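J.: Sequence isn't available, so here's the structure alone:
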DNA sequence: CACCAGGCAAGTA
DNA sequence: TACTTGCATGGT
């Protein structure tokens, strides 16, 4: 068995399934993917609740909502002016290219879709990949700061590896399986939150110490 | 009080 | 190209 699969088994055994993404519809998941940029999920959850409370969590409602009003609703998520603008960019893009339909958007080839979606200002590689995997169900491995930090600290990847290099390593090492990619990324985030915080370089309790 | 959280783009040299 | 900085609320 290869190393990345071995680590996956260890994490799954240790933490159990994480049941991601915490959102009910592809649209909600997509919104959450933008709101969670460099932000704790508990704060994002408050922002999403604000939108749900007023029945604003649909494509047409958010698309019609002025950016200033949107910013006000999503304040708890932090960077609210920035994120409101980013959500608007994304909604405008989907309105223009796919008639405002996520189903239509996800019906296209996901490689092509990824190239298009990262041209939207505010949608970088991780946000794009999260949308593709968790909202679209595409076999895309999501890399985040925890992935980099955890695997670099355990000397599995080099410190200077970039997003796409890390992603390629995972994709080439693992079977192309949506459920696996989904669970693996969620387990990495769980591991990061618990054992691999920025200021705590060493984690004797980390399940990966066994590897 | 200081530090961190499921990034990204723009600015600097 | 390779760093650095702004964005901002809420929890520990």
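T.: Thanks, I have the structure now. Quick caveat: nothing in here was measured; it's all calculated off a predicted structure.

J.: Next one, pLDDT for residue A:210 please.
T.: The score at residue A:210 is 76. That number is its pLDDT.

J.: nearest spatial neighbour of it, skipping sequence neighbours?
T.: residue A:10 (6.4 Å; C-beta to C-beta, 6 or more residues apart in numbering). (C-beta placed from N, C-alpha, C; glycine too.)

J.: Determine if any part of the strand or helix carrying the one you found is in contact with DNA strand B.
T.: In this structure, residue A:10 sits in helix A:3-15 according to DSSP states H and E. No: using C-beta under 7 Å from any atom of the strand, helix A:3-15 never reaches DNA strand B; the gap is at least 13.4 Å.

J.: Near DNA strand C, which residues of chain A? Just list them.
T.: Checking chain A against DNA strand C by C-beta under 7 Å from any atom of the strand, the hits are A:38-40, A:42-43, A:46, A:75-76, A:78-83.

J.: In contact with residue A:114: list those residues for me.
T.: A:128-129, A:132, A:140 (C-beta atoms under 8 Å, 6 or more residues apart in numbering).

J.: possible to save these as TSV with secondary structure?
T.: Shown next, in TSV, are the contacts of residue A:114 (DSSP: H, G, I helix; E, B strand; the rest coil):
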residue	secondary structure
A:128	helix
A:129	helix
A:132	helix
A:140	coil
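
J.: Among these, which one lies nearest to residue A:159?
T.: Closest approach to residue A:159 among those (C-beta to C-beta): residue A:129, at 21.5 Å.

J.: Am I right that the closest one is in contact with residue A:141?
T.: Yes: using C-beta atoms under 8 Å, residue A:129 makes contact with residue A:141 at a distance of 7.2 Å.

J.: residue nearest the centroid of chain A?
T.: Ranked by distance to the mean C-alpha position of chain A (C-alpha atoms, centre = their mean), the top residue is residue A:130 at 3.5 Å.

J.: No further queries at this time; thank you.
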